[in-house]
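>>> here's my sequence, what's the structure:
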Amino acid sequence: MIAKNIAKYRMSEVIGAISQKLAGASMRPGRVSKELRLDVTTTSQGGFPTWTTIKLGTHESVGDLSSAIMNSGMGISYWAVDILKTITLVSVKTQLELVRVSVHDLGLKGEAMRAQIYLHAMKNGLRLVPSETGPQLRWQYANQASDELLLVGMEPILDSGREPCVFGVVHNQAGRCLYAYSNPIERLWRPDSQWVFGHQS
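Numbers count the residues shown, from 1 in each chain. Predicted structure coming up:
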């Protein structure tokens, strides 16, 4: 799987890009947070257990959240910045339980398209998560293991080239980063690709 951009950007480059793209957004430096380590839980709701719980609505603006990611020593790719400009943060702090599943876990054999993955997720009691989940999971998942990629089960966001993308939370040779992955309807995802969804209410 190839991300839209695999480079890890320095703070000045990312903040500069976000400043241009987020018209009117506050770009006050984000507060440097203590390292957050997500704990795996065993709570079960429906067919799959809760993998972890994250917080939404922790920052006043996308710029502040992006700064917090960078201040934590993590990276944001150019194309992740490109779609960050379109997301809306929740106005009230809330918690979101996440489920982690592979394409195979959802009952699909072989490679599968996004529509198939999402349909099977819903059949298994899961739902799409808000777009804020991507940057929040990146910021809060400070202990992500090496060579791990988690794709966010969300409504795709069109980038500036009109290509649908989803967030990817990755730890690779560039470090712990937030990427944007091209996700056209016809793209096939491997059976072992890992996705995060929410529980249906």
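
>>> confirm that Gly73 sits in a helix.
No. Using DSSP: H, G, I helix; E, B strand; the rest coil, the assignment for Gly73 is coil, not a helix.

>>> residues in contact with Glu155?
Leu128, Ser131 (CB atoms under 8 Å, 6 or more residues apart in numbering). C-beta here means a position set from N, CA and C on the backbone, and glycine is covered the same way.

>>> name the helix or strand for it, please.
Using DSSP states H and E, Glu155 sits within no helix or strand.

>>> what's the following helix or strand after the least confident helix or strand in the chain by mean pLDDT?
Within the chain, no helix or strand scores below strand 44-45, which has a mean of 42 by mean pLDDT, DSSP states H and E. The C-terminal neighbour of strand 44-45 among helices and strands, as given by DSSP H and E, is strand 48-49.

>>> just list what the helix or strand just after that following strand packs against, helices and strands only.
Counting by DSSP H and E, the next helix or strand C-terminal to strand 48-49 is strand 52-56. On a contact count with 3 or more CB pairs under 8 Å, 6 or more residues apart in numbering; DSSP states H and E, strand 52-56 meets strand 94-102, helix 133-140.

>>> would you turn those into CSV with mean neighbour count?
Shown next, in CSV, are the helices and strands packed on strand 52-56 (neighbours: other CB atoms under 10 Å):
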stretch, mean neighbour count
strand 94-102, 18
helix 133-140, 25
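
>>> Val90 contacts Leu56, correct?
Yes. Val90 is in contact with Leu56 according to CB atoms under 8 Å; the separation is 4.8 Å.
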